[in-house]
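A.B. asks: have a look at this prediction, sequence included:
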Amino acid sequence: LGDVYKRQMENSDLQNEVAAATNHLIKLNALDELRLGYPEFSRHKAEEAPDANRYLNVIPYDHALLPGAYQNASLIPPYSGNRNSASCVASQAPLATTLSQFFEQLHAQKSKVIVNLTALEENGIVKSERYWPLDKETPFISPDGQWTVFLMSDLPAKDAFDKTQYAEAASLLDLRVRRLKLLSMMGKERKEHEITQLHFIGWPDHGALAPLHLLALIQAVRAVQPSAVPTPIWVHCSAGIGRSGTLIGTLFAQEEPILSSTNQSSIETTANITAHMRKFRPGSVQSVGQFLAMAHAIGSLRSEKGV
């Protein structure tokens, strides 16, 4: 937990919420284990490509995989069921050996936004492969030479967002906004795709984020995602379940009628959204801190609407 949020969590008034969140996660973890025995939740494709998985214990369901070559990524439909709302792709951070599949899927899904929630390294441990150029002059080329990535712009959040319209997003010191162009000239087909990367490095692995910062990230996503084009929002951290699940769940919570519902507490709504996500990507939202960060963010959103 962040220091400020950790102090809030230590407040005795929140102990009931901690207990409730813990209980919900125990039940959700038990459901993940139970699904392993059902053929509709098979994981054969991941098991057939072990070298394509960053972590051996983070294995996606076959039914939620993207079409094409195997990638440890899961397509999660919106919780609201609204066809006009964007789905999300939750994925592991790409490996050097899976970069071409990664770029191919970004192109195929026509994603306009990719949210990267991990640093390349944390405490000396590699968490992600870099897949973007460091400057405009030197493009990034995938190891197999199939894809070239050009850097069109690279700005800190304070310079990327209009401070009057997106003040919270602009305040995120650990957020950079990059415009990337992907290009493949292999074979007869020219493939080209532009995408905005939101790269936030202020959220450590397995940690929770203060709800204020989580909502600021949501605002950043909304600022760069074209509302008229509900293509999947791609989100990855290192494993693609904890931080990614928390952000995706909070994105889903903004949909109506979820946000305006008075029939559920924020804790119950968080549990239901997490249960929905785990039908498509097991392990989504890993810790009590992440669960409560989402719940408190939902509570803040409802308060803003006067619910």
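C.D. replies: Right, received. Where do you want to start? Here the structure is a predicted model, which means the values were calculated and not measured.

A.B. asks: mind listing the strands for the protein?
C.D. replies: Taking DSSP state E, the strands of the chain run over residues 73-76, 88-91, 113-116, 121-122, 125-126, 140-141, 148-156, 175-184, 191-200, 233-236.

A.B. asks: residues contacting the fifth one, please?
C.D. replies: The contact list for strand 125-126 (CB atoms under 8 Å, 6 or more residues apart in numbering) reads Leu120. Just so you know, the C-beta spots here come from the backbone N, C-alpha and C atoms, and that holds for glycine as well.

A.B. asks: list the strands paired with that strand, with their directions.
C.D. replies: Applying DSSP bridges to the sheet, strand 125-126 is found paired with strand 121-122 (antiparallel).

A.B. asks: chain center to the partner strand: distance?
C.D. replies: Here the centre of mass of C-alpha atoms in strand 121-122, compared against the chain's by CA atoms, centre = their mean, to the nearest Å, lies 18 Å away.

A.B. asks: what does that strand rub up against?
C.D. replies: Strand 121-122 has contacts (CB under 8 Å, 6+ apart) with 127, 204-205, 238.

A.B. asks: tabulate those residues (TSV), appending neighbour count and pLDDT.
C.D. replies: Shown next, in TSV, are the contacts of strand 121-122 (neighbours: other CB atoms under 10 Å; pLDDT from 0 to 100):
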residue	neighbour count	pLDDT
Lys127	20	97
Pro204	16	90
Asp205	17	88
Ser238	25	98
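
A.B. asks: quick check, nearest of these to Ile248?
C.D. replies: Checking the contacts of strand 121-122 against Ile248 with CB to CB, the nearest one is Ser238 at 15.2 Å.

A.B. asks: is it true that the closest one touches Arg54?
C.D. replies: Yes. Assessed by CB atoms under 8 Å, Ser238 is found in contact with Arg54 at 6.8 Å.

A.B. asks: so what sits against both of the two?
C.D. replies: 92-93.

A.B. asks: just the helices in the stretch 151-300 of the chain please.
C.D. replies: 157-160, 167-170, 211-224, 242-253, 266-278, 288-304 (DSSP state H, counting those that start in this stretch).

A.B. asks: related to what we said a few turns ago, check the strands of the chain for me and report the most buried one.
C.D. replies: Of all these, strand 88-91 carries the top mean neighbour count, a mean of 28, counting by mean count of other CB atoms under 10 Å.

A.B. asks: centre of the chain to that one, how far?
C.D. replies: 6 Å.

A.B. asks: ok, stretch 267-287 next?
C.D. replies: The answer for stretch 267-287 is 13 Å, by CA atoms, centre = their mean.

A.B. asks: confidence score at the residue of the chain positioned farthest from its centre?
C.D. replies: Largest separation from the mean C-alpha position in the chain: Lys188, at 33.4 Å (CA atoms, centre = their mean). Listed pLDDT for Lys188 reads 78.

A.B. asks: can you offset everything so residue one is 20?
C.D. replies: Sure, I'll start counting at 20 from here, so that last one is Lys207.

A.B. asks: the lengthiest helix in the chain vs helix 307-323, what angle?
C.D. replies: For the chain, the helix that runs over the most residues, judged by DSSP state H, is helix 34-54. On the basis of axes from the mean of the first three to the mean of the last three CA atoms, to 10 degrees, helix 34-54 is oriented at 120 degrees to helix 307-323.

A.B. asks: what's around Thr117, how many residues?
C.D. replies: 26 (other CB atoms under 10 Å).

A.B. asks: my read is that Ile252 contacts Leu125, right?
C.D. replies: No. Using CB under 8 Å, Ile252 makes no contact with Leu125, being 11.6 Å away.

A.B. asks: wait, isn't Ala239 in contact with Leu191?
C.D. replies: Yes. Here Ala239 reaches Leu191: they are 6.9 Å apart, a contact under CB under 8 Å.

A.B. asks: point out where the stretch 20-169 of the chain drops to low pLDDT.
C.D. replies: The model of the stretch 20-169 of the chain has pLDDT under 70 over residues 20-32.

A.B. asks: one more time with 90
C.D. replies: In the prediction, the stretch 20-169 of the chain carries residues with pLDDT under 90 at positions 20-34, 99-105.

A.B. asks: can you give me the helices in it?
C.D. replies: Under DSSP H, counting those that start in this stretch, the stretch 20-169 of the chain gives helices at 22-28, 34-54, 63-66, 118-128.

A.B. asks: between Ala239 and Leu191, which contacts overlap?
C.D. replies: Counting by CB under 8 Å, 6+ apart, the residues touching both Ala239 and Leu191 are Ala176.

A.B. asks: look at the two and report which has more neighbours.
C.D. replies: Ala239 (25 against 22).
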